[in-house]
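Colleague: return a 3D structure for these sequence lines:
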Amino acid sequence: MFHLFRRLFVFTTLAVLAGAGILLVQISANSEAGQIGGRTTIDPMVLGALKWRSVGPDPGTQVRSGDATRGRGGRSIAISGVRGRPNEGYFGAAGGGLWKTTDRGETWTPVTDGQIHSSSVGAVAVSESHPDIVYIGLGESCIRGNAMSGDGVYKSTDAGKTWTHVGFDDAPVISKIRIHPTNPDIVFVAAFGKMSAPSERRGVFKSTDGGASWTRILFRDAKTAAIDISLDPRNPRVMFAALWEAYRLEYTMSSGGPGSGLFKSTDGGDTWTEITRNPGMPAGVIGKIGVAVSGADSNRVYAIIENRDGGLFRSDDGGATWSLANGGRNICSSPPTAEKRSSISPSAIRTICGSIPPTRTTCCTPWTAAAR
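Modeller: Below you'll find the predicted structure:
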């Protein structure tokens, strides 16, 4: 089990290093970069010299928690840096609450112990305009052989020192939280709901008062969860949301169905248009979808789609049309142990998959499997 946790945790530790890697590239580019067609190119030798290293915490890493040294609490699917504070970062552990670093990952401190009622943190978001404001969502949205539920959404206004429960105690799993880039009172939550049964507390929710109240703005049916949200950093009224029909029972779990789909809003979530079947999108049953808008080009959108012909899709016109950018099976892995995620830096996409070796020959394919 330790090896499983360690391999899954690589997903988070690599993401922590993404910002540092970009910084190194920018520094080196000052002396090594050239201009081709108005775009910066970087000497391949510079990129080749960059190496990843784990910054932990793992069972052999010292962590700050009084005088005690503790393990991190399992795998992680939630991570966030802090704009304007390059030394700070957060990650949520599957069974260990929220952790914070203030020294670029050298040491980590659990910051929710004794303040939240569940141990599994599956979503974390930090306000870009007010970095002391942090939201976390409880529960694991990556259904698998063993997954933990939670009790909703918590908010901190002092960079993680204290926490207040702000709703969704009837939604055991929260998939994603997004905060408006300039107005921290506007918050979006993708609620998975219950893993094992239909539930009404599902879909995409919006708050305009800092979490004091919530309104559901996107919903398919009681069997379909919301799994991802992405806001256009340049125009946050433009946003994308992904829904996922999936469940996890004691003896089986399933991904994919008519409820799964990708949606776009151009008015801050007031109205939505489904774009699941837009030109270039895969046909057939759709499973889990991850979506991200480029911070450099509002027309550039990426979606990683679970489908028999799935993979990483790219749109250069805001989601109107799509093309398969990468159908390689190395960017996603087979259920039921897959944890897939994509995120975009201003000029590059990083897709990191943490899982044990695939158990099926088809990857990125909707599935039903007996639990093991």
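
Colleague: residue 47 in helix, strand or coil?
Modeller: Three-state call for residue 47 (DSSP: H, G, I helix; E, B strand; the rest coil): helix.

Colleague: in terms of helices and strands, where is residue 191?
Modeller: strand 187-193 (DSSP states H and E).

Colleague: packing partners of that strand?
Modeller: With contacts taken as 3 or more C-beta pairs under 8 Å, 6 or more residues apart in numbering; DSSP states H and E, strand 187-193 sits against strand 173-179, strand 203-207, strand 224-231, strand 239-248. Yep, even glycine has a C-beta here, placed from its N, CA and C like the rest.

Colleague: mind doing that once more with 10 Å?
Modeller: strand 121-126, strand 134-138, strand 153-156, strand 173-179, strand 203-207, strand 215-218, strand 224-231, strand 239-248 (3 or more C-beta pairs under 10 Å, 6 or more residues apart in numbering; DSSP states H and E).

Colleague: tell me how many other residues crowd residue 218.
Modeller: 22 (other C-beta atoms under 10 Å).

Colleague: can you redo the helices and strands packed on strand 187-193 as CSV with mean pLDDT and distance to residue 299?
Modeller: Below are these laid out as CSV (pLDDT from 0 to 100; distance: least, C-beta to C-beta, whole Å):
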stretch, mean pLDDT, distance to residue 299
strand 121-126, 96, 24
strand 134-138, 97, 28
strand 153-156, 98, 32
strand 173-179, 97, 20
strand 203-207, 98, 22
strand 215-218, 98, 22
strand 224-231, 98, 14
strand 239-248, 96, 13
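
Colleague: reformat these as CSV; add distance to residue 317.
Modeller: Formatted as CSV, the helices and strands packed on strand 187-193 follow (distance: least, C-beta to C-beta, whole Å):
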stretch, distance to residue 317
strand 121-126, 28
strand 134-138, 31
strand 153-156, 34
strand 173-179, 22
strand 203-207, 23
strand 215-218, 22
strand 224-231, 16
strand 239-248, 13
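
Colleague: report the buried residues of stretch 117-133.
Modeller: 118-128, 131, 133 (16 or more other C-beta atoms under 10 Å).

Colleague: kindly report the same for stretch 93-101.
Modeller: Quick answer for stretch 93-101 (16+ other C-beta under 10 Å): 93, 94, 95, 96, 97, 98, 99, 100, 101.

Colleague: also stretch 135-154?
Modeller: So for stretch 135-154, counting by 16+ other C-beta under 10 Å, buried means 135-144, 147-154.

Colleague: same check on stretch 203-221?
Modeller: Buried residues in stretch 203-221 (16+ other C-beta under 10 Å): 203, 204, 205, 206, 207, 210, 211, 214, 217, 218, 219, 220.

Colleague: cool, stretch 255-275 as well?
Modeller: Going by neighbour count (16+ other C-beta under 10 Å), the buried part of stretch 255-275 is 255-257, 259-265, 268-269, 272, 275.

Colleague: now stretch 82-96
Modeller: For stretch 82-96, by 16+ other C-beta under 10 Å, it's 82, 88, 89, 90, 91, 92, 93, 94, 95, 96.

Colleague: the stretch 1-150 of the chain: helices as residue ranges?
Modeller: 2-32, 44-49 (DSSP state H, counting those that start in this stretch).

Colleague: for those, which has the smallest mean pLDDT value?
Modeller: Of all the helices of the stretch 1-150 of the chain, mean pLDDT reaches its minimum on helix 2-32 (a mean of 38).

Colleague: any idea which helix or strand in this structure has the lowest mean pLDDT?
Modeller: None of the helices or strands of the chain scores lower by mean pLDDT, DSSP states H and E than strand 348-353, at a mean of 32.

Colleague: my guess is residue 176 meets residue 203, correct?
Modeller: No: Residue 176 is beyond contact range of residue 203, at 12.0 Å (criterion: C-beta atoms under 10 Å).

Colleague: joint contacts of those two?
Modeller: 189, 190, 191, 192, 226, 241 (C-beta atoms under 10 Å, 6 or more residues apart in numbering).

Colleague: widest-spaced pair of these?
Modeller: 192 and 241 (12.8 Å; C-beta to C-beta).

Colleague: listing partners with orientation, what would you give for the strand holding residue 191?
Modeller: strand 173-179 (antiparallel), strand 203-207 (antiparallel) (DSSP bridges).

Colleague: for the record, mean pLDDT for it?
Modeller: 97.
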